[in-house]
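Trainee: Quick one: sequence plus predicted model below, questions after.
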Amino acid sequence: MAEAASAESLEVLFQRCRDGDEAGFAQIYRRLGRSLYGTALRILRQAEEAEDALQEAFMSFHRKRNELEPAMAGAWLRRVLVNGCLDRIRKRRRRPEAELAEDVLRAAPQSDGLRIDLERATARLPERAKMVFLLHDVEGFRHREVAELMGVTEGATKSQLFRARGLLRSYLGQAPGANP
């Protein structure tokens, strides 16, 4: 029985959840939770905030499950999560951006690996450029979707992505162990 349940498509699980099946909801959480948590963590850079954002997104999904089309529920859930993360970042803006980047760098494990270098370089990006880079290049959203999520034009997202990539190249060129 467990094998049959794990083989169910997300659309079938969403329909089960819509029909009030709490086991279907639990399976959706198990199937999507890790990926969505990773998205939230990349955006927010703080584990506790990422966990909170994930829980809020799933609570919203649970409340709205009867209004959603099963075929679109996964995309809706991801969008709610990203919007929640963006809201959290807007609330954080009371602190200077440089102070936030320093907190992230202090919290990052010390390593000379490329992954850590990229994470540190990403943390140094200006907030808008970082968000566009994470949403477009890391999470795979299209420029149109990023623009919609951030409330800007597609041209602005393209410009910010170009800026982010250029800054990342320069930051990584300065990274310890990087070839000049």
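Mentor: Everything's here; your move.
Trainee: how about the helices in the protein?
Mentor: Remark: helices assigned in the chain by DSSP state H are 2-7, 10-18, 22-44, 47-64, 73-92, 97-107, 114-124, 127-133, 143-150, 154-173.
Trainee: Format these as JSON lines; extra columns: mean pLDDT and mean neighbour count.
Mentor: In this view, the C-beta of every residue, glycine as well, is placed from N, C-alpha and C. Below are these laid out as JSON lines (pLDDT from 0 to 100; neighbours: other Cβ atoms under 10 Å):
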{"stretch": "helix 2-7", "mean pLDDT": "48", "mean neighbour count": "8"}
{"stretch": "helix 10-18", "mean pLDDT": "89", "mean neighbour count": "19"}
{"stretch": "helix 22-44", "mean pLDDT": "91", "mean neighbour count": "17"}
{"stretch": "helix 47-64", "mean pLDDT": "93", "mean neighbour count": "17"}
{"stretch": "helix 73-92", "mean pLDDT": "86", "mean neighbour count": "18"}
{"stretch": "helix 97-107", "mean pLDDT": "45", "mean neighbour count": "13"}
{"stretch": "helix 114-124", "mean pLDDT": "76", "mean neighbour count": "17"}
{"stretch": "helix 127-133", "mean pLDDT": "89", "mean neighbour count": "22"}
{"stretch": "helix 143-150", "mean pLDDT": "85", "mean neighbour count": "18"}
{"stretch": "helix 154-173", "mean pLDDT": "88", "mean neighbour count": "16"}
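Trainee: and the gap between the residue positioned nearest the centre of the chain and Asn66?
Mentor: The centroid of the chain falls nearest to Thr39 when counting by Cα atoms, centre = their mean (2.8 Å). Applying Cβ to Cβ, to the nearest Å, the value for Thr39 to Asn66 is 25 Å.
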